[in-house]
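Trainee: Need a 3D model of the following:
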Amino acid sequence: MPKAFPRAALVAAALLCTLTSSVFGQRRAAPPATDFVRLREETAQRLAEYLRINTSNPPGNELATARWLKDVLAREGIEGRILDTAELGTGRANFYARLPGSGGGKAIALVHHMDVVPATRAQWSEAPFGGVRKDGYVWGRGALDMKGHGIIQLMAFVALKRAGVQLSRDLVFIANADEEIGGLGSRTFIERHPDLVGRIEYVLTEGADTRVQDGKVRWFGIDVGEKRVFWKKLIARGTTSHGSVPLGDNPVDRLVTALARLVAWE
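Mentor: Model (predicted):
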């Protein structure tokens, strides 16, 4: 069953270094050293907490997560905004927070979705919403898709704030509702907050692979495009006849042949 390594802290640390090089001005002083031992433990603990919030979609229940994120960031002196509750419906929300920069460029956005695919307890060796830490893993629905990514982003965000890094551009943290079914959360966010979206130049989100091998981050993948749905309607026509005298022109045969050609092409 899906599980995530506590070494997600390692990926958070690598993301922290990447973001620091991206948002630092070249002549700025280096930030204070980060306690990565503490960060590792916090990352695992935060992931366990996040997994215990059941955001199975349907119905989503992302508002509970948004409130949790707001509380976590408030303890770090970062203001978070719970958005779009009326538009998304009962128990649903988007979330937004920002670390301000000096205006040297448009923002970098860390984006993830809060909802997860439903889970059946009988199919799991550990409770899917238990956030169990066992044998070097954190177990739970969403550990990989994509609360683990969200926690990596969150802890990098927090670590930059703690270190007092002077950013040359804004760094924003966005958590959306409803990715697993219809994309309503991100669509609503874009439509209702053009002022926030318009300030963003780069987005780090789900999609590209991150390779961790032997305890080291080997590379971060970069997506340059996305697949989209392509609907094609095929109509086969024939001549009807009675089943006892199958002398007609059966359109099913032609349709099967056409579908086979599509499969062969792919």
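
Trainee: Ile108: which element?
Mentor: Using DSSP states H and E, the element containing Ile108 is strand 107-113.

Trainee: Which strands or helices does that strand pack on?
Mentor: Under the contact criterion of 3 or more Cβ pairs under 8 Å, 6 or more residues apart in numbering; DSSP states H and E, strand 107-113 touches helix 8-23, helix 147-163, strand 171-176, helix 184-192, strand 200-204. Using the backbone N, CA and C atoms, a C-beta is placed for each residue, glycine as well.

Trainee: quick one: the helices in the protein?
Mentor: Taking DSSP state H to define them, one finds helices in the chain at 8-23, 36-51, 62-74, 85-88, 147-163, 184-192, 194-197, 251-265.

Trainee: Thr239: how many residues sit nearby?
Mentor: Per other Cβ atoms under 10 Å, the neighbour tally for Thr239 reads 9.

Trainee: right, I mislabeled it, should have said Val117
Mentor: Val117, neighbours per other Cβ under 10 Å, totals 13.

Trainee: Pull the contacting residues for it.
Mentor: Going by Cβ atoms under 8 Å, 6 or more residues apart in numbering, Val117 touches 56-57, 141, 145, 180.

Trainee: List the ones among the residues you listed that fall in strands.
Mentor: Among those, no member falls in strands (DSSP state E).

Trainee: Asn94 is in contact with Glu179, correct?
Mentor: No: judged on Cβ atoms under 8 Å, Glu179 makes no contact with Asn94 at a distance of 11.1 Å.

Trainee: Now for these two: what residues contact both?
Mentor: With Cβ under 8 Å, 6+ apart as the test, Glu179 and Asn94 both reach Gly185.

Trainee: Comparing these two, which residue is more hemmed in?
Mentor: Neighbours per residue (other Cβ under 10 Å) separate Glu179 from Asn94, with Asn94 holding more: 28 against 23.

Trainee: check contacts around that one.
Mentor: Asn94 sits next to 62, 66, 82-84, 88, 174-177, 185, 188-189 when contact means Cβ under 8 Å, 6+ apart.

Trainee: let's see it at 10 Å
Mentor: For Asn94, the contacting residues are 62-63, 66, 81-85, 87-88, 113-114, 174-178, 184-186, 188-189, 192-193, by Cβ atoms under 10 Å, 6 or more residues apart in numbering.

Trainee: swap in Asp223?
Mentor: Counting by Cβ under 10 Å, 6+ apart, Asp223 has contacts 203, 205-209.

Trainee: quick one: which two of those are the most distant?
Mentor: Of all pairs drawn from those, the one with the longest distance (Cβ to Cβ) is Val203 and Asp209, at 16.3 Å.

Trainee: The two: who's more crowded?
Mentor: Neighbours around Val203 and Asp209, counted as other Cβ under 10 Å, are more numerous at Val203. The numbers are 15 against 10.

Trainee: Please name the residues that touch the residue lying closest to the more buried one once chain neighbours are set aside.
Mentor: Distances taken as Cβ to Cβ, 6 or more residues apart in numbering place Ala109 nearest to Val203, at 4.8 Å, with adjacent residues excluded. Contact analysis of Ala109 by Cβ under 10 Å, 6+ apart lists 96, 98, 153, 170-174, 196-197, 199-205.

Trainee: now Asp84
Mentor: 62, 66, 92-96, 176-177, 184-185, 188-189, 191-193.

Trainee: same thing but at 6 Å, please
Mentor: Counting by Cβ atoms under 6 Å, 6 or more residues apart in numbering, Asp84 touches 94, 188.

Trainee: and of the helices of the chain, who's closest to Lys216?
Mentor: It is, among the helices of the chain and with distance given as Cβ to Cβ, helix 8-23, at 7.5 Å.

Trainee: any low-confidence regions in the stretch 1-150 of the chain?
Mentor: 1-32 (pLDDT under 70).
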